[in-house]
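[1] just the structure for this:
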Amino acid sequence: MGRRPVFLAILAAALVLVPTAPAVAAPTVSVSAVSVSPSGFDLDSADIPALQARMASGRLTAVGLTSTYLDRIHRIDGKVHAVLAVNPAALSQASASDARRRKHHLRGPLDGIPVLVKDNVDTRDQWTTAGSRALRSYPAKDATLITRLRDAGAVILGKANLSEWANFRAAKPTSGWSGVGGQTNNPYVLDHNPCGSSAGSAAGVAASLAQVAIGSETDGSIVCPAGMTSTVGHKPSLGLVSRTGVVPISAEQDTAGPIARNVVDVALTLSVLQGRDRSDPATLTYPRTQPKDYAKLLRPGVLRGARIGLWRLPVLGPATDAIMTSARNSLVRAGATVVEVTLPYQARLGELEFPALLTEFHRDIDAYLATRPTGPRNLADLIAYNRADPLERTCFAGQELFEQALAAPPPTDPGYLAGRAELSDLARRSLDETLANHHLDAIASPTNPPAWKTDCAVGDDDVIPSSTPAAVAGYPDVTVPAGFAGPLPVGISFMGARWSDARMLALAADFERVAPARVAPRYLPTVPS
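    Numbers count the residues shown, from 1 in each chain. Next up, the predicted model:
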């Protein structure tokens, strides 16, 4: 899920404590933060088309690129703790890509590109743990999305740390912590939090430890860490990307999606990930009219004439709101019409979501564990394991959500069924009605407040309601960097109707073009006083 139960988030909104540092221009990048490769180009700013052009000209090889990223992991990840394990086969995969290039048999734009994978996505040649020591074993086979990446020639660089069990274990979790990988840090300010369960995926990309990463989201777990680390994250429409082989929370809301340092890399990766999968019923509604190549639709000037609804969410604090004012001005200068909106039904969504997820988690985690060759077979086994392993209680002290899920009503319960139906309906209506009433192309909102200081004793300080409507409705949500509050990044999200992923990516890319905000992290130990 990536953050505290949403019903708590909404109900506690008036009590939020967020940093109040004034919004300022992006911080100056120190020389030590620049990620220059041995062949003389900056990894942080290089996108996949530029890398492919270098490889086509012979100035770079897939082995050279992969080696550069592995070297950065060795040198930099000790500060960030984003990578759980590198893939021993990464260099051989890169070598195979170089061989295909020599034979003119490339498989597409991801061929030879290093990809970091969240460690709740099954990979046959590495453990898939969901961050839990109980799950330190190999899955039966690759997740469908991993098969698609391999078929596209991508180099599976390694597994990224995450919030254990996607933050759906303890009542007061600390995002980015797992029993297997410890605490992932925000590369902009190391004692601050990266947010969301895809913490290692976003922090790894932000620190130029991989070109692209795969995250997953139930509610906020792709977009919040991307916003907190000045990266681009895309939570796709439900059914666009297969979830087969991804450790679940809820089949009604879960999806996987890409995180990168720019929109074009996200678009190219989504083009590979998407498609139908007979093992995932949600993908069977995937429209055959969806674009095959999202990157071709990223044209300058898309914002001109667009109508954007701005959902400000002042609860996220004055620094975030000042960045949204700047973003609004950028949208207007780009030719968009901006209408300020408030999405309806949010309090009721907060009341309904968490009880539904408890039932769905028990159902779906038991089904997933049954596919594993070894290890715990059900939720009750996981609870018993955590009670017996003191290392599992060093930061996530409790497992209240596991225990509540074990006692939750079954998925046949009439109360559960009515609650989920109302929840999904209201989430769709909150977006559909707002889009229709104001004739909007998209709704933009702040993705996140400035990151809070990581503290296992108190848990997260993340009341962030902006991701919930799209997450529950199954609609797309794309976040891009919007600015900085002091040294801490803030993102802006573009949400639209289901299957409007191409349009949201195009709008986000044009915003990235007219209001560039990303700079490389400086790995500050703390916020300067």
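[2] in what helix or strand does R377 lie?
    Of the helices and strands defined by DSSP states H and E, none includes R377.
[3] check the closest residue to it other than its chain neighbours and give its pLDDT.
    Excluding the flanking residues, the one nearest R377 by CB to CB, 6 or more residues apart in numbering is L369, at 5.5 Å. C-beta coordinates here come from the backbone N, C-alpha and C atoms, glycine included. On the pLDDT scale, L369 is placed at 98.
[4] buried stuff in the helix or strand where I76 lies?
    I76 is part of helix 62-80, with elements assigned from DSSP H and E. Under the neighbour-count criterion of 16 or more other CB atoms under 10 Å, helix 62-80 has 62-70, 72-73, 76-77, 80 buried.
[5] please apply the same query to stretch 398-407.
    In stretch 398-407, counting by 16+ other CB under 10 Å, buried: 399, 401-406.
[6] same question for that stretch, mean pLDDT?
    98.
[7] and that stretch, how far out from the chain middle?
    24 Å (CA atoms, centre = their mean, to the nearest Å).
[8] likewise stretch 187-205?
    The answer for stretch 187-205 is 11 Å, by CA atoms, centre = their mean.
[9] straight-line length of it, end to end?
    From the first residue to the last, stretch 187-205 extends over 10 Å; the measure is CA to CA, to the nearest Å.
[10] swap in stretch 511-526?
    First residue to last in stretch 511-526 (CA to CA) measures 30 Å.
[11] now do stretch 147-167
    Note: stretch 147-167 ends 26 Å apart using CA to CA.
[12] which of the residues in it are buried?
    Counting neighbours by 16+ other CB under 10 Å, stretch 147-167 gives 147-150, 152-167 as buried.
[13] do stretch 188-204 as well
    Buried, per 16+ other CB under 10 Å, within stretch 188-204: 188-190, 192-204.
[14] let's check: the centremost residue of the chain is which one?
    I222 (1.8 Å; CA atoms, centre = their mean).
[15] now it: phi and psi?
    phi -100, psi -50 (degrees, to the nearest 10).
[16] looking at it, it is touching D254, isn't it?
    No. The criterion here is CB atoms under 8 Å, and I222 misses it with D254 at 10.9 Å.
[17] give the residues shared as contacts by the two.
    By CB atoms under 8 Å, 6 or more residues apart in numbering, I222 and D254 have these common neighbours: S216.
[18] under the pLDDT cut-off, which ranges of the protein? List them.
    1-34, 462-463 (pLDDT under 70).
[19] please redo it, this time with the cut-off set to 50
    Filtered on pLDDT under 50, the chain yields the residue ranges 2-32.
[20] separation between M504 and Y286?
    16 Å (CB to CB, to the nearest Å).
[21] show me which of those two is the more surrounded one.
    M504 (28 against 19; other CB atoms under 10 Å).
[22] residue contacts, that one?
    Contacts of M504 by CB under 8 Å, 6+ apart are 234, 442, 476-478, 494-496.
[23] if we use 10 Å, what do you get?
    234-237, 263, 294, 441-443, 470, 475-478, 493-497 (CB atoms under 10 Å, 6 or more residues apart in numbering).
[24] narrow those to those in helices?
    263, 470 (DSSP state H).
[25] so how do I select the buried members of the contacts of M504 in PyMOL?
    With 16+ other CB under 10 Å as the criterion, this PyMOL line picks the buried residues out of these:
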select buried, resi 234+235+236+237+263+294+441+442+443+470+475+476+477+478+493+494+495+496+497
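[26] now intersect the contacts of M504 with the strands, please.
    234-235, 442-443, 477-478, 493-495 (DSSP state E).
[27] widest-spaced pair of those?
    Pairwise distances across these (CB to CB) peak at 15.6 Å, for the pair H234 and I443.
[28] and stretch 416-432, what's buried?
    416, 419-420, 422-424, 426-431.
[29] the stretch 401-529 of the chain: helices as residue ranges?
    For the stretch 401-529 of the chain, the helices defined by DSSP state H, counting those that start in this stretch cover 414-437, 468-473, 501-514.
[30] to P38, which of the ones you listed lies closest?
    Closest among the helices of the stretch 401-529 of the chain, using CB to CB: helix 501-514, at 27.9 Å.
[31] buried residues in the closest one?
    501-514.
[32] this structure: strands as residue ranges?
    Counting by DSSP E, the strands of the chain are 23-24, 83-86, 114-118, 155-160, 177-178, 182-183, 212-217, 232-235, 255-260, 307-310, 337-340, 442-446, 477-485, 488-495.
[33] most tightly surrounded among these?
    strand 232-235 (a mean of 33; mean count of other CB atoms under 10 Å).
[34] wait, E351 touches T468, no?
    No. If you go by CB atoms under 10 Å, E351 and T468 don't touch, sitting 11.6 Å apart.
[35] which of those two has more neighbours?
    T468 (24 against 15).
[36] any idea how far D366 is from N378?
    5 Å.
[37] check the contact lists of the two and give me the overlap.
    In contact with both N378 and D366: L406, using CB under 10 Å, 6+ apart.
[38] what about the two, which has more around it?
    Neighbour comparison, N378 and D366: the larger count goes to D366, with 19 against 15 (by other CB under 10 Å).
[39] got a list of what that one touches?
    Contacts of D366 by CB under 10 Å, 6+ apart are 248, 376-382, 405-406.
[40] let's see 6 Å
    378-379 (CB atoms under 6 Å, 6 or more residues apart in numbering).
[41] what's the answer for V115, then?
    Counted by CB under 6 Å, 6+ apart, V115 has contacts 149, 154, 212.
[42] if we use 10 Å, what do you get?
    87, 90, 146, 149-150, 152, 154-158, 201, 205, 210-214, 258, 260, 269, 272.
[43] from what I can see N186 touches P525, true?
    No. Judged on CB under 10 Å, N186 makes no contact with P525 at a distance of 11.4 Å.
[44] please say which of those two ends up with more neighbours.
    Neighbour tally, N186 and P525, criterion other CB under 10 Å: the higher count belongs to N186, 33 against 10.
[45] hang on, T526 packs against G486?
    No. T526 is beyond contact range of G486, at 11.2 Å (criterion: CB under 10 Å).
[46] ok, now which ones touch V223?
    2, 195-196, 198, 202, 215, 217, 232-235, 257, 259, 445, 447-448, 464, 466-467, 470-471, 477-479, 491, 493, 495.
[47] so Y385 makes contact with W165?
    No. Between Y385 and W165 there is no contact under CB under 10 Å: 11.8 Å.
[48] overlap in contacts of the two?
    132, 134-135, 399.
[49] could I get those as CSV with distance to Q346?
    Below are the shared contacts of Y385 and W165 laid out as CSV (distance: CB to CB, whole Å):
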residue, distance to Q346
S132, 32
A134, 35
L135, 34
Q399, 28
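[50] quick check: the farthest pair among these?
    Most distant of the shared contacts of Y385 and W165, by CB to CB, are L135 and Q399, 14.2 Å apart.
[51] now, which of the buried residues of stretch 398-407 sits nearest D321?
    Closest to D321, out of all of these and judged by CB to CB, is L401, at 31.5 Å.
[52] residues contacting the closest one?
    Neighbours of L401 in contact, by CB under 10 Å, 6+ apart: 1, 4-5, 165, 167-171, 173, 249, 354, 357-358, 361, 408.
[53] from those, which is closest to L313?
    Distances from L313 to the contacts of L401, taken by CB to CB, are shortest for R4, at 16.5 Å.
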